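>>> just to be clear, the model below is a prediction. Sequence and coordinates:
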Amino acid sequence: MADIQRNQIHETAIRGYTSSADCYERARPEYPAALLDYLTDTFLLSGEQRVLELGAGTGKFTRLLLRSNSKIVVLEPVPPMQKQFRLVLPSTPLLSGIAERLPIKSQSIDLVCSAQSFHWFQVTNAAEEIHRVLKPHGKLVLVWNVRDERFAWVRRMSELMAPFQGTTPRYHSGEWKRVLESLGLFSPLQLVQFHHCHSASPELVLERIASVSFVAALDVKNKTRLLESMRQMMQTHPETAGKTVLEMPYRTDLFYCDPI
């Protein structure tokens, strides 16, 4: 990875996603079909629209976008994630790039989107670049799949993970949002939410936890300790005990705004 890219990517993201890219692809949930309907209807996605996806990872969100028939440009900076992306979407063009320095012409993009990744960016620089490449009537769309903590066993998972997250940037902190809205480059963020479930075995749920950046970056001792505590919780919690298939509840948060 070029030094200029590495210096602008959080070290936990590099270490975590370098070691867990295959786990990320296996265990992370897909996005709800209703999300594509909303994107298509609201932002009029079609073959004429040029869409830029930032921090594409293994292409989970890309697969949804491709169904819109839009012209997709995809960036992902972490080589193991790029490798997984190409295994799944070998014919989709993929650029190695970062949000803070986009290899894209000014005012050439109709829609910039980022799924599961915007909180990792250096928001001020990334927002300036996104503003530069968007057409005057373009849109910025930010998406996160998050565990639905209305369910007690899911809340318990988050409680077990919390001591290990340290200073890792998180969507839940809202820091990305405070910085973005303070810049005056975009209109106020609008939020739309979708609820869905991901059917998975307890072992796949553990892989999902193992794919979280700060968990993947842990040393072997602490990672083993955390995952074993998760296993014991699922074996004994009244909502999950004895089940061979778990319905992992998710909420998809979609934010959008306009350049001003």
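Here it is on my side, so go on.
>>> how far does stretch 206-218 sit from the chain's center?
14 Å (CA atoms, centre = their mean, to the nearest Å).
>>> ok, stretch 60-69 next?
14 Å.
>>> residues of that stretch that come out buried?
Lys60, Phe61, Thr62, Leu64, Leu65, Leu66, Ser68 (16 or more other CB atoms under 10 Å). Glycine gets a C-beta too; all of them are placed from N, C-alpha and C.
>>> likewise stretch 132-145?
Those would be Arg132, Val133, Leu134, Gly138, Lys139, Leu140, Val141, Leu142, Val143, Trp144, Asn145, for stretch 132-145 by 16+ other CB under 10 Å.
>>> show me what contacts the last one?
In this case it means Asn145. Arg28, Pro29, Tyr31, Ala115, Gln116, Tyr250, Arg251, Thr252 (CB atoms under 8 Å, 6 or more residues apart in numbering).
>>> helix or strand for the closest residue to the third one other than its chain neighbours, just tell me which one.
By the measure of CB to CB, 6 or more residues apart in numbering, the closest residue to Tyr31 outside its immediate chain neighbours is Leu64, 5.1 Å from it. Counting by DSSP states H and E, the element that carries Leu64 is helix 60-66.
>>> helices and strands around that helix, which ones?
helix 33-43, strand 50-54, strand 71-75, strand 109-115 (3 or more CB pairs under 8 Å, 6 or more residues apart in numbering; DSSP states H and E).
>>> any chance of those in JSON lines, with mean pLDDT and distance to Phe186 too?
Shown next, in JSON lines, are these (pLDDT from 0 to 100; distance: least, CB to CB, whole Å):
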{"stretch": "helix 33-43", "mean pLDDT": "93", "distance to Phe186": "15"}
{"stretch": "strand 50-54", "mean pLDDT": "97", "distance to Phe186": "15"}
{"stretch": "strand 71-75", "mean pLDDT": "94", "distance to Phe186": "19"}
{"stretch": "strand 109-115", "mean pLDDT": "97", "distance to Phe186": "11"}
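>>> Arg155 versus the residue nearest the centre of the chain, what's the distance?
Nearest to the mean C-alpha position of the chain, by CA atoms, centre = their mean, lies Gln116 at 1.3 Å. Here Gln116 is placed at a distance of 21 Å from Arg155 (CB to CB, to the nearest Å).
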